[in-house]
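Novice: Could you work out the structure for the sequence below:
(chains A, B and C)
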Amino acid sequence: MDNLQTRFSHIKKLILEQEYARFNPPQREAVFNINGPLLILAGAGSGKTTVIVGRIEYMLRYGDSYLSDFIPPGLCEDDISFMCDFHKNRHKNRVTDSAADKISALLAHNRVKPWNILAITFTNKAAGEMKERLEKAVGNAVRDIHAGTFHSICSRILRIDGNLLGYSQKYVIYDREDSLKVIKDSIRELDFNEKLFPPRAVLNEISSAKDKMMDAKAYSQAAGTDIQKCENARIFELYEARLKKSDAMDFDDLILQTVRLFEQFPEVLAKYQDRFKYILVDEYQDTNHTQYKLISLLSRAHSNICVVGDDDQSIYKFRGATIRNILDFENQYKDARVLRLEQNYRSTAIILGAANAVIANNNQRKGKNLWTDKNGGEKIKHIRTRDETEEAEYITAQIQKNAAENGFKYSDNAVLYRMNAQSQNIERSFVRAAIPYRIFGGAKFYSRKEVKDIISYMSVIVNPNDTARFSRIINVPKRGIGPATVQSLFEISQGLGISVLDVIAESASFPALSKKSAVLCKFAGMIKELQGALENTSLPEFFDLLTEKTGYMDYLKKMGEESKPRIENILEIKTVLAKFESENKLGSDHGKTPSLDDYLEEVALYTDVDEYNSGEDCVVLMTIHSVKGLEFPRVFLTGMEEGIFPSIQSSFSLEELEEERRLAYVGITRAKQELHLTAASQRMIFGTTRYCKTSRFVEEIPPDMITLTDMTRTYETPSYSHRISAGRNSFAQPSAVKTETPPPSSRKKAEMLNFSTGDKVEHPVFGTGIIMSASAMANDTMLEINFDKTGIKKIMANFGKLELKN
DNA sequence: ATGGGGCTGCTTTTT
DNA sequence: GCAGCCCCAT
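Specialist: From the prediction side, this is the model:
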């Protein structure tokens, strides 16, 4: 400790450790290791985002100071004593900003430029939240950091360099609905039967092919002698061609084409490698193969790649995510450092214990043990209700009671469900009780017909090659241009290789179109007029012009009373446009006025969940998928029933069941203090009533962590007979039986109502099978049973001969 | 080309 | 339960 240098290094470390004292040791290690590959395995609630933000702040402020041996040139005794003073004063929380700046200038080494950082998240919401927190930590520098979702980052790259692949700067992004339409058109054009080629399935197949970096040709070659696949390949080929012709990309393309761009044009890749020297990927367990490729390519030059993830929270396998990316990280980067964040700061010990117990039933996991230094907590409440209405009323009563007695805010509560369809009952109950709520997902604003129509008009105005949307709006409102005309229009356009607008201009000379030439030209003229108007009007003004000239507003107005909400919806677009314009005018990246293109880009990658801001005081309703990354003091996990959660279609594969269990894990770990698990013994879903038994995930929670309130047991006969006697608010002052242990799950007699979805049964003729659904029908229950040997059969429960297995 | 009526089928999760 | 489909009559 005698010379200046060693003292500097020593005090430097003390100061930096002090600066990041709020982090625990592995977290701090994550912050200080900014160079080289780093894998952070971050359990739920382990302060992941805080670490990411802290790490970026550290990079900007101190570079790689902590781990470097750097000594500032001209270091003197004064500097050291300044550092010592700073260290002491910091302790007493008395340092000025200027002193802090001076310190960081003194300690910093290889400071990272904000524009050299690329931070990728999965959802816009996560990106927004990260930016928000970064802004608090690093101020204006946040504007230069490239932060966004995979899709938004790629889309930006493709706007700039996509021309190399033959896309214009104004290419459109097709959402699933658009893609589906193109698939349907392609199937029709090939004269295929939609029943044999369900468009959804074909689209999924194409999507997963794209995830393997296959184009239609490659897919066709891989198809070999598989007839279905060969036919799929033809649809794929058409789909691909149509998208290209429309100057359109689907969601998969955004990633895939960026990877292609990088592979085919090394100089472009080099440009981005040089720009993105430090790469950070959040939710790495949810990345798919193309996303992995993208990251690999970008990080190849500098290897400053930090990925953060939790294999137990991987819930997007269904869209191609693979945990392999996490599991193989250490093989991919031999010098990778692996850090584990296992201390949970969010939940009570009980909630955490339950989550650990549930996830322990999975085999496919890296294995980790989340712990907390908190003790105890309230037991988890498991409520078994008669049906979904009672479930909703229970939740309503709980929230009301708590708001009244404990001064809880509405926004402290989250109601989660497996699928969007489940939200309706809860919503209805909330409306009746006047509980403010906000619902996410489901019928999304931008997927409403009228909204999509207006967006389609805008798309066509920006990019008239967008055939999917062109055909969507050409006859809305009615202009006398029917499907036959539209078809010949596109055929001619394709045949001659000229744009649709050009075909219209010449329409008089084509026999198939000549009769319609007048209306067609009128339409084209309108589009051109609006294109011209775009140049010199503000976006909200343009909106008015658009709704007027296209006749859309009149069309809605003429529909009378029922169209009122539709008019409100499209006027909402105007509001959004105005907001978009004013927000982006000042803060826009490049100081340019926001254009319609920019708005369309945002819309294309927008999801409802993005809108969530915790400012409003209302109960939050969303799917468990969308809630990832959020936390609430109190969480209601609803529909905890076999067949719902885990979903019926997952119950046949072990892999999918494990994914469902991870989903359960995500749901449970959202709760900070209170967790309610509700299950209805009968539920009306998709038009039929089903009888369900409690989800295995509830049974997997150790009995000493959970209390059961069984509202169905107050009455002698289970299920429908008690409908008459059931008091609507029986749970407000629970008269129901309270027990400390879950009910025995084994049943002796196979009475008719004891059959429920997911049960294994034996039939003397058909053998063993699994009950797919059970619906009440004329004093009996109709069971749909999937028999191992003979497939799905419908059988009445009372007809007898069925026996429950195990 | 348009509008209505009746039918089927389909329901997980999302950028 | 409902949306989207097809078919038919105008």
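Novice: Could you use CA atoms for every contact and neighbour count after this?
Specialist: Noted.
Novice: show me what contacts residue A:60?
Specialist: A:111, A:112, A:113, A:114, A:138 (Cα atoms under 8 Å, 6 or more residues apart in numbering).
Novice: element containing it, please.
Specialist: Residue A:60 is part of helix A:48-62 when elements are defined by DSSP states H and E.
Novice: Give the buried residues for the helix or strand just after that helix.
Specialist: Later in the chain than helix A:48-62, the nearest helix or strand by DSSP H and E is helix A:77-91. For helix A:77-91, the neighbour count (16 or more other Cα atoms under 10 Å) marks A:79, A:80, A:83, A:84, A:86, A:87, A:90 as buried.
Novice: What of stretch A:272-289?
Specialist: Within stretch A:272-289, the residues scored as buried using 16+ other Cα under 10 Å are A:272-273, A:275-289.
Novice: Let me know how buried residue A:67 is, in neighbour terms.
Specialist: 14 (other Cα atoms under 10 Å).
Novice: The nearest residue to it once chain neighbours are set aside and residue A:510, how far apart?
Specialist: In space, and not counting its chain neighbours, residue A:67 is closest to residue A:32: 7.0 Å by Cα to Cα, 6 or more residues apart in numbering. Counting by Cα to Cα, to the nearest Å, the gap between residue A:32 and residue A:510 amounts to 70 Å.
Novice: more crowded one of these two?
Specialist: residue A:32 (23 against 15).
Novice: Confirm for me that that one is in contact with residue A:66.
Specialist: Yes. The pair residue A:32 / residue A:66 is scored as a contact, 6.3 Å apart, by Cα atoms under 8 Å.
Novice: wait, what's in contact with residue A:561?
Specialist: Taking Cα under 8 Å, 6+ apart as the test, residue A:561 contacts no residue whatsoever.
Novice: what's the spacing between it and residue A:490?
Specialist: Residue A:561 is 36 Å from residue A:490, by Cα to Cα.
Novice: Equivalent analysis for residue A:318, please.
Specialist: 35 Å.
Novice: quick one, which of these two is more surrounded?
Specialist: residue A:490 (18 against 11).
Novice: Spell out the secondary structure type for the more buried one.
Specialist: With DSSP: H, G, I helix; E, B strand; the rest coil as the basis, residue A:490 sits in helix.
Novice: Mind jotting down where the helices sit in the stretch 601-750 of chain A?
Specialist: For the stretch 601-750 of chain A, the helices defined by DSSP state H, counting those that start in this stretch occupy A:624-627, A:654-668, A:696-699.
Novice: what do you get for the stretch 351-500 of chain A?
Specialist: Counting by DSSP H, counting those that start in this stretch, the helices of the stretch 351-500 of chain A are A:388-406, A:423-433, A:449-462, A:467-473, A:483-496, A:500-505.
Novice: In CSV, list those along with mean pLDDT and distance to residue A:519.
Specialist: Formatted as CSV, these follow (pLDDT from 0 to 100; distance: least, Cα to Cα, whole Å):
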stretch, mean pLDDT, distance to residue A:519
helix A:388-406, 89, 53
helix A:423-433, 87, 44
helix A:449-462, 90, 17
helix A:467-473, 89, 14
helix A:483-496, 87, 11
helix A:500-505, 90, 10
